[in-house]
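In: Compute the structure for the input listed below.
(5 chains, ligands or ions: 4)
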Amino acid sequence: GNKTTSKPADDKVEFRIGYQVIPNAELLAKATKMFEEKFKGVTVKLHQFEAAVDVNTAMAAGEIDAGLIGSSSVASGVAQNLPYQVIWLHDVIGDNEALVVKKDSGIKSLEDVVGKKIAVSFGSTTHYSLLSALKLKGIDQNKVTILDMKPADMLAAWKQGQIDGGYVWYPTLGEMVKDGNIVITSRDLAQDGILTADVGIATKDFIKKHPDVLKQYIKILDEAVGSYRSSKDTAADAMKNELNVSKEDAAFFMDQLIWLDAKEQASDQYLGTPDKKGAFAKALKDTAEFLKTQKAIQTVPDLKAYEDAIAPQFLQQD
Amino acid sequence: MWSSVVIIFLLWYLITKLNIFSEVFIPSPAKTWAAFTDLLVNGYKGNSLLFHLLDSLYRLSIAFFFALITAVPLGLISGYSTKVRAALDPILEFYRPLPPLSYYTLLILWFGIGDLSKVALLYLAAFAPMYIAAVSGVKGVLEDRIHSATSLGANQWQTFRYVIFPSCLPEIFTGMRTAIGFAYTTLVASEMVAAVSGIGWLVLDASKYLRSDIMYVGIILMGITGILLDRILRKIEVKVIPWKGKD
Amino acid sequence: MWSSVVIIFLLWYLITKLNIFSEVFIPSPAKTWAAFTDLLVNGYKGNSLLFHLLDSLYRLSIAFFFALITAVPLGLISGYSTKVRAALDPILEFYRPLPPLSYYTLLILWFGIGDLSKVALLYLAAFAPMYIAAVSGVKGVLEDRIHSATSLGANQWQTFRYVIFPSCLPEIFTGMRTAIGFAYTTLVASEMVAAVSGIGWLVLDASKYLRSDIMYVGIILMGITGILLDRILRKIEVKVIPWKGKD
Amino acid sequence: MTSHALRETKSESTVIQINNVGLTYQTDKQVVTALQNINLQIKEGSFVCVLGPSGCGKTTLLRILAGFHQATSGEVLLDNKPISPKPDRHRGVVFQQQMLYPWLNIEDNVGFGLKMRKVPPKERQEIVDHYLEMVGLSQFKKAKSYELSGGMKQRASIARVLANDPRIVLMDEPFGALDAMTKEQMQDNIRKIWKETHKTIFFITHDVEEALLLGTHIIVLSSRPGRIVKEIYSDLPYKIEEGKGRMYRSDPDFVKRREEIISIISS
Amino acid sequence: MTSHALRETKSESTVIQINNVGLTYQTDKQVVTALQNINLQIKEGSFVCVLGPSGCGKTTLLRILAGFHQATSGEVLLDNKPISPKPDRHRGVVFQQQMLYPWLNIEDNVGFGLKMRKVPPKERQEIVDHYLEMVGLSQFKKAKSYELSGGMKQRASIARVLANDPRIVLMDEPFGALDAMTKEQMQDNIRKIWKETHKTIFFITHDVEEALLLGTHIIVLSSRPGRIVKEIYSDLPYKIEEGKGRMYRSDPDFVKRREEIISIISS
Ligand SMILES: Nc1ncnc2c1ncn2[C@@H]1O[C@H](COP(=O)(O)OP(=O)(O)OP(=O)(O)O)[C@@H](O)[C@H]1O
Ligand SMILES: Nc1ncnc2c1ncn2[C@@H]1O[C@H](COP(=O)(O)OP(=O)(O)OP(=O)(O)O)[C@@H](O)[C@H]1O
Ligand SMILES: [Mg+2]
Ligand SMILES: [Mg+2]
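Out: Numbering: from 1, shown residues only, chains lettered A, B, ... in the order given. Ligands and ions are numbered 1, 2, ... in the order given. Next comes the predicted model:
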């Protein structure tokens, strides 16, 4: 598309962000009106999305300049040469995604899922996490019945005893834990290098034309991370309306995610610096390898392509 | 009619009272009512409940209106002219069975993420039933009725306007009723992308956080407005075609 | 008809040729064809393409069949008896405008995650248009036609079976055509849960990974089978009601 | 040619008794009083012919007897009991506008009532064939109703009702679309059936001669609102032999009667 | 009473020429030859009355002239040019079964053709009122078609066609559902219009007297397949004064003619 030129009406740049309702810094910034107050010379438009597919489409239609999608989607998007780059990690998935199994299912560890029915939302980060975990433990995924379900449906099937477990996120995870046990979480997997994250992307076009805007954007997100760390209570208070849950729940959900500030993201472990891209490129490539086994993509690009798809220059705050 | 409403309510009450299914899926009437009053007072995510409802109804009405003024004439023409039918039918028959999901992407690419693509989706949903009804209506018009019009000097257009069209009205109304129901069911799908208002979006958004009480409020509101829209259409039908079932 | 097919193909070709939108969203005809041949040879995730298609059609047929044999009689009865209508209509009008999403969870609670809940969803989708058509059909039957039957000694049931039912056939067929299209559009929604086969699931699964070429193969297949089903219905219609438009 | 005095027939049991019946149609635009103060006794086995100007309420009266409408005032008794407000097979109706079922062929249309009564197929076929033969449509057994001419539809409708053997036959201008010759045959047929089966027949017609040739009880209605202005009893129909109807037409007595009735209607 | 020889009227220009026309209906069950070898010349301004047994093809012939059907053989010329196979306003049709539009009231039904021709509302209203008056339905202006009796519907249909002032009027048993008196009035009306406007009228009837009282050119068809068995030219209609039609009925000459035609049809 070529509609990406954000029209500079009254000298202001229009910056259109596609966000998703996930308790991370961006949502916190929205909740505390940081975008309106802190952006200089920029009009921010926030559009809510439900799925990565729609974010991709909207970006291709030139309707948004930046957006949030899961790392699996980034891996396949890069493989398909979508014209965007990673500029920020909204959150690294931690305890908020986990494999939970029924208390009476007899599953004590991951090895026990053989022959059981496990539900997961196909195409999501949990799908990748689950299959990677199986692979890590050397379990043949064909020996497990893996079912494709959305969280709400998974919960229904769970309550009716139609599945033995599911790899899922909050708040469904919270409901399932009430009569289930957690076997493994994405935080555990992250430690084994199986990294999943909610990723901030921006169109290459916008990156080229308005680096200053993105710099401000990242700065605001960074500040939001800071404010969260300094006062979790205030943050939870602001966030509860966005999530439409109680303050306690809001605090809990936020806690499950791994929040990273700009400095941490610029480290080797994550995005790195423009000169030396971090390990996240490798994580994306790993994800792409997995996707290929799922027939989701036809070829896996080399590591270089993934490194090129990371634009960490905005993390450098001056 | 009230008896069946009461029965449904009782069933609902019993199911939740006896805890057959978890409250996570089926909130009790009391909890739903509480959510409703709360939404009335505080709105949902920045907009009042009424705003959400009207916003959806607004999109729906526009889509329905445009579908009506395009589908019915096109359907009538298609029913009348084999050539037009041969050209239009394949397109219609092709897109008709497709799930909204499959062409919503295209709509977004063309119409953006604003109201236009949402309205377009609803439009497409409402179009097909009315078109089919109009085509079928025309084919059901007594041949001699058309003959009578032309031999009274009506030209093709006039025969259409003054004879074929009114003859098809009963079927068109059935089509309209089906269409509005159908468009309504795609409301959620249409408000899935880049929406922050609308009753469909409210239901969808609440579902992600398992707020079944809010979901139920939204669903019941959708159901009730659906009933009302249908009733209005039926009232109009009775007014407009008093001759139905007569000759 | 072929001319419009050709035009669509040309448009498609041009759009991709001129690179108006990225290949990721609109694959070229060539790429789609390649995906098709690949799917034909290798299948999709463990099942052949034909298997996916037939699996969906199987669920669809069962749902459609049961909807037909329940919706039409109930609709006829509702059209005839004000009491039955007063009892049934609110339920129908209520669930009709609801998005499948909103009650699919309930269906899973009741029918589990197997084929049953999928068929139930399709059933509900197909039910409404046929019911409405039947009700409207009955109301459109000439009063004297009913009188003629009763004064020939037909009892209520016989009047129904032998006079009202055939009189409504034209409208019922329109309802059937709308219903099958509608059920088809909910195919994807129905195969969203715990499916690993079905053409709807194939499209959905491919969409998650932006495999638009595979999506297009699925969509085109759905479109073509949709057209075929509609054609079959229309063929049957012509056979069954040769008197349409006559008296 | 036999001379025929018009005189009261032997009083037999009253089958239909109409007391003070009136009917008013209420539409959104106007109120039409179709019938007013109708008092009438119909004897078992009589052949009632109803004459009257167009729009005077003849069809309305027939529809009340058939059970399609309910009188807005007065009462109708059948065998001294209030008449069933629901149509039934004992009161067969030939409509003014054809009511054949386009989805059935002529044979099945005619056999409809028999099928409803579960008459065995073989017997049914015999009866149907008999009546199709009678109305001259044997050749069109398999045709659909919309493939028949106006008069043929009318004949098929008559066959359909007669085949069903109702106790009372209500006919609304059944021979209106028939040519002179066919009409005469049909008159002969219906007179014969009436004589053989002692059915009570209520027959609306515009043809005064027809009324005289068929009716034992001729009723003349005034123009709207319909009131009974004349009742004439006759035994001529008992005397007419098959195929001899035409002979009576030029009989001076007959002509006198005819002119008399015409002048009543015209006044 | 004037004596009236039945003789050929002065030959005027031929408006409709039917050469060797035949029509065969093809249905899935059978093949019906409705018309065979019809040759006919209709003079401008003549009043053609068509008689013939039920199902002989009268309606079929009318429908060919109207442009509803095309002859399967032969040709039909209008003003020496092949007749348009599409109905138009110059050939007004009164159908055998009423074709009023239930969504319009009677007034609008009658004014339909005028509205189509964009006759200004005021003028239209005058014409409509005139014809409604003529057929005696002024009181029912605002009624819907389904609120009329059979005869009233027929009269409304006639008014609708006449109000539209077609050059050729095609009428299929238009007076079939009318009582004697109304029928006579309508006969007077149509005769008057015909005399005043010199329209060509093609009129199907079952009533031989009616044909004699109206027709200058009487055609008798044989039973199916319809062939012309007799053509009679007459100038009686020119002579009949308004309201005097009935007088001719007992005229011995008239009675003779009538019996003659009846015997042709019956044979
Ligand atoms: N359904 C109706 N609604 C309103 N008015 C009606 C209805 N049916 C008949 N009428 C009116 O009642 C009167 C009598 O009608 P009816 O059909 O009984 O006449 P009829 O004697 O059978 O006339 P015809 O010989 O013309 O058939 C007429 O004035 C007519 O307009
Ligand atoms: N649509 C049709 N399809 C098949 N056959 C038809 C059709 N219309 C008429 N016929 C046949 O053609 C023949 C002539 O029909 P037509 O209607 O012309 O008769 P008619 O002279 O008008 O008779 P009537 O006086 O009874 O109206 C009949 O035998 C009829 O069965
Ligand atoms: Mg009548
Ligand atoms: Mg005819």
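In: Please count neighbours and contacts with C-alpha atoms only from this point.
Out: Will do.
In: Show me the beta-bridge partners of A:Gly202.
Out: Careful, residue A:202 is Ala; it's not Gly. Bridge pairing for A:Ala202 (DSSP bridges) gives the partners A:Ala66, A:Gln85.
In: Can you name the residues that contact it?
Out: Listed by CA atoms under 8 Å, 6 or more residues apart in numbering or on different chains, the contact partners of A:Ala202 are A:Asp65, A:Ala66, A:Gly67, A:Tyr84, A:Gln85, A:Val86, A:Ile87.
In: For burial, what's the neighbour tally of D:His69?
Out: As a burial measure, D:His69 scores 16 neighbours (other CA atoms under 10 Å in any protein chain shown).
In: ok, now which ones touch it?
Out: D:Thr60, D:Arg63, D:Pro85.
In: okay, the contacts of A:Ala202 in JSON lines with distance to ligand 3, neighbour count and pLDDT next?
Out: Shown next, in JSON lines, are the contacts of A:Ala202 (distance: CA to the ion, whole Å; neighbours: other CA atoms under 10 Å in any protein chain shown; pLDDT from 0 to 100):
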{"residue": "A:Asp65", "distance to ligand 3": "76", "neighbour count": "26", "pLDDT": "93"}
{"residue": "A:Ala66", "distance to ligand 3": "78", "neighbour count": "27", "pLDDT": "94"}
{"residue": "A:Gly67", "distance to ligand 3": "76", "neighbour count": "27", "pLDDT": "93"}
{"residue": "A:Tyr84", "distance to ligand 3": "81", "neighbour count": "25", "pLDDT": "92"}
{"residue": "A:Gln85", "distance to ligand 3": "84", "neighbour count": "25", "pLDDT": "93"}
{"residue": "A:Val86", "distance to ligand 3": "84", "neighbour count": "27", "pLDDT": "93"}
{"residue": "A:Ile87", "distance to ligand 3": "86", "neighbour count": "26", "pLDDT": "92"}
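In: tell me which helix or strand of the chain sits lowest on mean pLDDT?
Out: No chain in the question, so chain A it is. Here the helix or strand of chain A ranked lowest by mean pLDDT, DSSP states H and E is helix A:52-60, holding a mean of 83.
In: other chain: chain D
Out: In chain D, the helix or strand scored least confidently by mean pLDDT, DSSP H and E is helix D:245-249, which has a mean of 77.
In: what residues does that helix touch?
Out: With contacts defined as CA under 8 Å, 6+ apart, helix D:245-249 is touched by D:Met1, D:Glu184, D:Asp188, D:Glu209, D:Leu213, D:Phe254, D:Val255.
In: now with 10 Å?
Out: Helix D:245-249 is contacted from outside by D:1-4, D:184-185, D:187-188, D:209-210, D:212-214, D:236-237, D:239-240, D:254-255, D:258, using CA atoms under 10 Å, 6 or more residues apart in numbering or on different chains.
In: List the buried residues in that helix.
Out: Within helix D:245-249, the residues that qualify as buried are D:Gly245, D:Tyr248, D:Arg249, counting by 16 or more other CA atoms under 10 Å in any protein chain shown.
In: and what of stretch D:128-138?
Out: Of all the residues in stretch D:128-138, those buried under the rule 16+ other CA under 10 Å are D:Val128, D:Asp129, D:Tyr131, D:Leu132, D:Met134, D:Val135, D:Gly136, D:Leu137, D:Ser138.
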